[in-house]
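Peer 1: the following comprises the amino acid sequence and a computationally predicted model.
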Amino acid sequence: MSKSILIVEDEEVLRQSLAELLTDEGYEVHQAGDGKEAYDFILKRPVDLILSDIRMPQMDGTELLAKLQQTAPQTPVIILTAYGTVESAVAAMRCGAYDYLLKPVNFDDVLLKIERAIEFGDLVQTRQVITEQLASGSTFHDLVGEAQNMTKLFEVVKKLATVKTSVLIVGESGTGKELFARAVHYNGVTRDKPFIAVNCGAIPDSLIESELFGYRRGAFTGAIRDKKGYFEAAHHGTLFLDEISTLPLSVQSSLLRALEQRVVVPVGDTQPRSVDLRVVAASNQDLWKMVENGEFREDLLYRLDVVKLELPPLRQRKEDIPALVHHFLKKYTEQMNKHVLGVSNDAMRAILAHEWRGNIRELENVIERAVIFAEGRHIETEDMPFAIPGLEHDDSESLKEAMRQFERHHIVYCLRRHDYDKAETARHLDIGVSSLYRKLDELDIPKNMQEHDPAQTPA
């Protein structure tokens, strides 16, 4: 995404010249003729950098800078000044300006100082994110578990605290691989450094190398300026490579070289750049089987699989489900400002009996949805899409009976979803209202499951 710059200058010729120069360099450029216009703009839309004259009508650069220190203190400001007012520029820097430029401006100097100022702004934002993550307690706070297979994993994470060795996290989708990667990062020597998460499967094959290792200006069509890759962005910190199994073999060789030599070479460059970081990779695929099939490099897997964390599926740690339920219940009741106090016994039994193929991610989704639809102080079975009271599974293996149960389950679910409106339910089922009433009788759906019970609605 292009970086945005606001030019604040009352001399229209200079303002337009700077705008054309920066637009040609690929920046998103906005203009203001004085400080007041600029300040009104910033209140509505933040930018990555402000280039402002000192002397302007209505509100000068010094006054604008003072206001920006209150409303947008992290936005770097470069001051434009004439030779006779250098003292004003120095004073502005003492008040928070990043740098200043002398008029008449040298365009090469403008580009260099803007690039440095934007890098500085990015660094400030990165530090703020890290500070917020640390303040939120991003250590083990989202990892819930007392099952033996989980407590062993927690112990391994603690042992990784003092080293930057490579870590491989494997497990089914939804088992919390990124949460464990963050726990590895925030419980050790990298806790105050960047954590960069990359979904390898979401990047087109043609762009993966340039995204990981960066590129130089002109390396390919659209490369309008140098760009750091994820490796350099995670310098001194942790790079989390999710879905590592999706990397093409050609990129796997480049990744192996980066891990072995601790250097990266941006696309279009010849000079290697040193990187110091921990790489945590994750996969829901059997990587050793992929090695046997020629789909993944064996030497790369050895380099990644120094320490392995094998995350158990939820069905193998069912004793943790109640704690997870209450963890997510607390999270979403606070977010939605709802007063749902807990989960009924019937609902908890249904949750414990569920298969949870989507693991923790599915459980969190179900609890979030249940909090949305809960009408009382407790989550009931009817608040969950997979468990409806009175529709317990029959042990009969008859296909006819199984289809009858499914039809019964689906109709009751639709009734509740459409607030027991028979006409609306029939419309979504793509049947007539009379056909719906006939189905209610044929499937022995009780009257209290056909109509909303007002007693369940809190006063």
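Peer 2: Cool, the structure landed. Residues are numbered from 1 along each chain as shown.

Peer 1: tell me where the chain has strands.
Peer 2: For the chain, applying DSSP state E gives strands covering 4-8, 28-32, 49-53, 77-81, 99-102, 167-170, 195-199, 238-242, 263-264, 273-274, 278-283, 307-310, 342-343, 378-379.

Peer 1: the closest residue to residue 322 other than its chain neighbours: neighbour count?
Peer 2: Of all residues not flanking residue 322 in the chain, residue 348 sits nearest, at 6.7 Å (CB to CB, 6 or more residues apart in numbering). In this view, the C-beta of every residue, glycine as well, is placed from N, C-alpha and C. Other residues lying near residue 348 total 17 when counted by other CB atoms under 10 Å.

Peer 1: thought residue 326 was touching residue 348, still the case?
Peer 2: No: counting by CB atoms under 8 Å, residue 348 does not reach residue 326; the two are 10.0 Å apart.

Peer 1: pull the number of nearby residues for residue 264.
Peer 2: A count of neighbours around residue 264, defined by other CB under 10 Å, yields 24.

Peer 1: so it bridges to which residues?
Peer 2: Assessed by DSSP bridges, residue 264 has beta-bridge partners residue 273.

Peer 1: who's in contact with it?
Peer 2: 212-214, 229, 231-232, 258, 272-273, 275 (CB atoms under 8 Å, 6 or more residues apart in numbering).

Peer 1: how about a cut-off of 10 Å?
Peer 2: Residues in contact with residue 264 (CB atoms under 10 Å, 6 or more residues apart in numbering) are 209, 212-214, 228-232, 235, 254-255, 257-258, 272-275.

Peer 1: next: residue 168.
Peer 2: 241, 244, 279-283, 287, 301, 303-310.

Peer 1: from residue 281, how far off is it?
Peer 2: 5 Å (CB to CB, to the nearest Å).

Peer 1: which residues are in contact with both of those two?
Peer 2: Each of 241, 244, 287, 301, 303-305 lies in contact with both residue 168 and residue 281 under the rule CB under 10 Å, 6+ apart.

Peer 1: which members of those are classed as buried?
Peer 2: For the shared contacts of residue 168 and residue 281, a neighbour count by 16 or more other CB atoms under 10 Å gives the buried set as 241, 244, 287, 301, 303-304.

Peer 1: of those, closest to residue 91?
Peer 2: residue 241 (47.4 Å; CB to CB).

Peer 1: distance of that closest one from residue 202?
Peer 2: Taking CB to CB, one finds residue 241 at 12 Å from residue 202.

Peer 1: can you check which residues contact both of the two?
Peer 2: Residues touching both residue 241 and residue 202 (CB under 10 Å, 6+ apart): none.

Peer 1: can you put the strands of the chain in a markdown table and add distance to residue 189 and mean pLDDT?
Peer 2: Converted to a markdown table, the strands of the chain look like this (distance: least, CB to CB, whole Å; pLDDT from 0 to 100):
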| stretch | distance to residue 189 | mean pLDDT |
| --- | --- | --- |
| strand 4-8 | 35 | 94 |
| strand 28-32 | 38 | 94 |
| strand 49-53 | 33 | 93 |
| strand 77-81 | 35 | 89 |
| strand 99-102 | 33 | 86 |
| strand 167-170 | 13 | 97 |
| strand 195-199 | 13 | 93 |
| strand 238-242 | 10 | 96 |
| strand 263-264 | 21 | 93 |
| strand 273-274 | 18 | 90 |
| strand 278-283 | 9 | 96 |
| strand 307-310 | 15 | 95 |
| strand 342-343 | 40 | 88 |
| strand 378-379 | 41 | 88 |
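
Peer 1: now distance to residue 419 too, for the ones you listed, in JSON lines please.
Peer 2: Converted to JSON lines, the strands of the chain look like this (distance: least, CB to CB, whole Å):
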{"stretch": "strand 4-8", "distance to residue 419": "46"}
{"stretch": "strand 28-32", "distance to residue 419": "46"}
{"stretch": "strand 49-53", "distance to residue 419": "52"}
{"stretch": "strand 77-81", "distance to residue 419": "55"}
{"stretch": "strand 99-102", "distance to residue 419": "61"}
{"stretch": "strand 167-170", "distance to residue 419": "43"}
{"stretch": "strand 195-199", "distance to residue 419": "38"}
{"stretch": "strand 238-242", "distance to residue 419": "40"}
{"stretch": "strand 263-264", "distance to residue 419": "57"}
{"stretch": "strand 273-274", "distance to residue 419": "60"}
{"stretch": "strand 278-283", "distance to residue 419": "42"}
{"stretch": "strand 307-310", "distance to residue 419": "45"}
{"stretch": "strand 342-343", "distance to residue 419": "23"}
{"stretch": "strand 378-379", "distance to residue 419": "18"}
